[in-house]
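A.B. asks: Compute the structure for the input listed below.
(2 chains)
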Amino acid sequence: MRKPPKPALVARRRRAATTPLVVILAMPALLFLVLPILLVIPMSFTAGHVVEFPPSAWGLTAYRELFADEGWRETIMFSLKVSALAVFLSVLTAGLAAIGLPRLRMRGEGLVAAVILIPLAMPVVTLALGIFQFFNQLQINGTLVGIAIAHSVLGVPYVFLTVRAALSKLDLALVRSAMSLGAGTWSVFRWVYLPAILPALLSGALLVFVVSFDEVVIALFISGPGAITFPVKLFTEVQFNLSPAIMAVSTLLLAAVVLSVVVGILLFGVRRTVYRIALGDGGGAGR
Amino acid sequence: MMALRTIGPDVSGQSSVRAAAVAARRGRWGNLLWLLPVLALYAAGLVLPLGITVRRAFELGAAGWSDLLHNSLFTGAALNTVIDSTGITVVAVLLAYSLAAAIWRGGAIARASLTTLVVIAFLTTVLVKIVAFNALLRDNGVLNTLLQALGVIDGPLHLFPGRPAMIVAMVQYVVPFAIFPILSVMVRLDKRVEQAAESLGASPWHVFVHVVLPLTLPGVIAAALLVFVICTGFYVIPATLGTPRDQLLANVVALYALQLVDFRVASAVAMVLVVVVGVLTVLYQRAERATR
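C.D. replies: So this is what the prediction gives:
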């Protein structure tokens, strides 16, 4: 006579039986999430000058128009400079703060950390309005430095979070022993802290770059002649008209995202890539 | 100061102990230097800008604030914001729950591919999304062309520009945000609780309704609050996919600042936005902490 199967085994079998159903139930949500975005790809490969689906003739007109357009090239270059400066400022200030805060060993540490994270929760438009008014007094509206400073404020929380997470794994005995062996502040920073937080600094820098390169609202408020970022140009063009060139830009942006996610997964695996991205899951600056 | 501590046992005598204490204190406050750069940056890019906004908002005076409450631009946008955010939150959390469940329960391949696609959707800039929904939902767009070709409708459905296009795009934008808090609760569920229910004869449906759903509710609440907070701040999507009637509070701030050049009213509306978002964020952090 066969023994009745163990309860855990029954449970596992049931689980396996319901799994396809759970996955199927998620399909509408998945399609809704992904399909609309993918739509821009075929629409960009048109031979004509209007946006249609499917294109009546396939071709690369959109890409040729895009690369021939001085305006797009200029704004992309400008945005790259803004984002590079923003990354530098965020990484420097947030990295130092993440190291220094626990060293203060004061009671309000959690409060200071919360204050540093404020830009994550702030409605971007409020920040944009305030920065516009203040930078107007400083007369740095419509300048590269002005936009970069504003973006670096948005970026600080991301670097701060990633570096803090890395530091929480650092054994403070290392710091203590280095200092007791006579290492000065600089040596401790260079030989103890920096190696421990370098990966965190890099992924933080990447997040800041993405935030800055995507940011529309602040850049729209404080843009000026000669200081128009790439997202602001895209935003204003979209409000008037959809051209094949816009489809081409969107396809390239999408390709960059897909590429970086795939590279991230190949380098770090799915779980760590997602963990790193989810660390920055605070609100999304570009909305 | 940490060095002094380790050396501590070696030094004897009152005076050197006192000297060490003084040095330790100085060293400790010397660490403030680490925080100076971020403080300077925040002063320029956060504190002073907000200070000016608060001051401008108060310049409006009691009369100005009561005018604001009768300003149909403001009240209309406030109403839109509450209604749209609520609807979007409900739909987005449902969709996110189904995706989170599939990632949680799916096999290795399903899990990896679903996660990858969700992350790609999450990282895709909002600008690509508004381009996509514009192309999809306009009168001669993909959806209308398709439905007309299939003979489902005679004339085009007017979805863009307007509330339908705007809401669909906002839901699509927030779903990935809602997945993370729900999923983080799911992966920490103790499998044995489910197994216990099953071995006692509960059907899969019963297990879901009476075991899984209640246990994942904290994640759902955290996700809902996060989505609601994000919705209250939406600017780009309403500006590009909605009509002037569909605008939200953030758009009113921009309208008053950039078009009407009335910074007092703009600041006042921005303050309302900050207070609402601030309260919701505190609630979210409580809810998020409860999921751990």
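A.B. asks: OK, contacts around residue A:205?
C.D. replies: Taking Cβ atoms under 8 Å, 6 or more residues apart in numbering or on different chains as the criterion, residue A:205 is in contact with A:87, A:90-91, A:159. All C-beta atoms are positioned from the backbone trio N, CA, C, and that covers glycine.
A.B. asks: change it to 7 Å
C.D. replies: When contacts are counted by Cβ atoms under 7 Å, 6 or more residues apart in numbering or on different chains, residue A:205 touches A:87, A:91.
A.B. asks: Helix, strand, or coil at it?
C.D. replies: Going by DSSP: H, G, I helix; E, B strand; the rest coil, the secondary structure assigned to residue A:205 is helix.
A.B. asks: could you measure it against chain B, distance?
C.D. replies: The gap separating residue A:205 from chain B is 16 Å, by Cβ to the nearest Cβ, to the nearest Å.
A.B. asks: Phi and psi next, for residue A:242.
C.D. replies: In terms of degrees, to the nearest 10, the main-chain angles of residue A:242 are phi -100, psi 120.
A.B. asks: mind listing what residue 192 touches?
C.D. replies: Here I'm looking at chain A. Residue A:192 makes contact with A:174-175, A:178 under the criterion Cβ under 7 Å, 6+ apart.
A.B. asks: Could you identify the buried members of these?
C.D. replies: Neighbour-count burial (16 or more other Cβ atoms under 10 Å in any protein chain shown) is assigned, among those, to A:175, A:178.
A.B. asks: With respect to chain B, which of the contacts of residue A:192 is nearest?
C.D. replies: Each of those was scored against chain B by Cβ to the nearest Cβ, and residue A:175 proved nearest at 6.1 Å.
A.B. asks: unless I'm mixing things up, that closest one is touching residue A:185, no?
C.D. replies: No - here residue A:175 does not reach residue A:185: they are 10.5 Å apart, not a contact under Cβ atoms under 7 Å.
A.B. asks: returning to that earlier point: of the contacts of residue A:192, which ones also sit close to chain B?
C.D. replies: Subset of these in contact with chain B: residue A:175, counting by Cβ under 7 Å from any Cβ of the partner chain.
A.B. asks: Next, format the contacts of residue A:192 as JSON lines and append pLDDT and distance to residue B:47.
C.D. replies: As requested, the contacts of residue A:192 are exported to JSON lines (pLDDT from 0 to 100; distance: Cβ to Cβ, whole Å):
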{"residue": "A:174", "pLDDT": "84", "distance to residue B:47": "35"}
{"residue": "A:175", "pLDDT": "83", "distance to residue B:47": "31"}
{"residue": "A:178", "pLDDT": "88", "distance to residue B:47": "35"}
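A.B. asks: Can you list which of the contacts of residue A:192 are found in helices?
C.D. replies: By the criterion of DSSP state H, membership of the contacts of residue A:192 in helices covers A:174-175, A:178.
A.B. asks: circling back: could you single out the nearest of the contacts of residue A:192 to residue A:117?
C.D. replies: In terms of Cβ to Cβ, no member of the contacts of residue A:192 lies closer to residue A:117 than residue A:175, at 24.4 Å.
A.B. asks: low pLDDT regions in chain B?
C.D. replies: Residue ranges of chain B with pLDDT under 70: B:1-29.
A.B. asks: And it, what are its domain boundaries?
C.D. replies: Listed by automatic domain parsing, the domain ranges of chain B are B:13-59, B:62-290.
A.B. asks: Looking at these, spot the one closest to chain A.
C.D. replies: Distance to chain A, taken as Cβ to the nearest Cβ, is lowest for domain B:13-59 among the domains of chain B, at 2.1 Å.
A.B. asks: How much space separates the residue nearest the centre of chain B from residue B:248?
C.D. replies: Nearest to the geometric centre of chain B sits residue B:230, at 3.3 Å (Cα atoms, centre = their mean). As defined by Cβ to Cβ, to the nearest Å, residue B:230 lies at a distance of 12 Å from residue B:248.
A.B. asks: And for residue A:118?
C.D. replies: As for residue A:118, its distance to residue B:248 is 22 Å (criterion: Cβ to Cβ).
A.B. asks: Looking at these two now, which is surrounded by more residues?
C.D. replies: Between residue A:118 and residue B:248, counted using other Cβ atoms under 10 Å in any protein chain shown, the more crowded position is residue B:248 (29 against 18).
A.B. asks: That one against residue B:80, yeah?
C.D. replies: Yes - taking Cβ under 7 Å as the definition, residue B:248 is a contact partner of residue B:80 at 5.5 Å.
A.B. asks: Okay, buried residues for the strand or helix carrying the residue nearest to the centre of chain B please.
C.D. replies: Element membership of residue B:230 [criterion: DSSP states H and E] is helix B:213-232. Neighbour-count burial for helix B:213-232, counted by 16+ other Cβ under 10 Å, picks out B:215-216, B:218-232.
A.B. asks: mind saving the C-alpha coords of it as PDB?
C.D. replies: The C-alpha atoms that make up helix B:213-232 are tabulated as PDB, following Å, rounded to 0.1, in the frame of the first residue of the first chain:
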ATOM      1  CA  LEU B 213      -3.500  38.800   0.900                       C
ATOM      2  CA  PRO B 214      -3.700  39.800   4.600                       C
ATOM      3  CA  LEU B 215       0.000  39.200   5.100                       C
ATOM      4  CA  THR B 216       1.000  41.300   2.100                       C
ATOM      5  CA  LEU B 217      -1.300  44.100   3.000                       C
ATOM      6  CA  PRO B 218       1.400  46.200   4.600                       C
ATOM      7  CA  GLY B 219       3.300  46.200   1.200                       C
ATOM      8  CA  VAL B 220       0.100  47.100  -0.600                       C
ATOM      9  CA  ILE B 221      -0.400  50.100   1.700                       C
ATOM     10  CA  ALA B 222       3.200  51.300   1.300                       C
ATOM     11  CA  ALA B 223       2.900  50.900  -2.400                       C
ATOM     12  CA  ALA B 224      -0.400  52.900  -2.500                       C
ATOM     13  CA  LEU B 225       1.000  55.700  -0.500                       C
ATOM     14  CA  LEU B 226       4.100  55.900  -2.600                       C
ATOM     15  CA  VAL B 227       2.100  55.900  -5.800                       C
ATOM     16  CA  PHE B 228      -0.200  58.600  -4.400                       C
ATOM     17  CA  VAL B 229       2.800  60.800  -3.500                       C
ATOM     18  CA  ILE B 230       4.200  60.400  -7.000                       C
ATOM     19  CA  CYS B 231       0.800  61.300  -8.500                       C
ATOM     20  CA  THR B 232       0.500  64.500  -6.600                       C
END
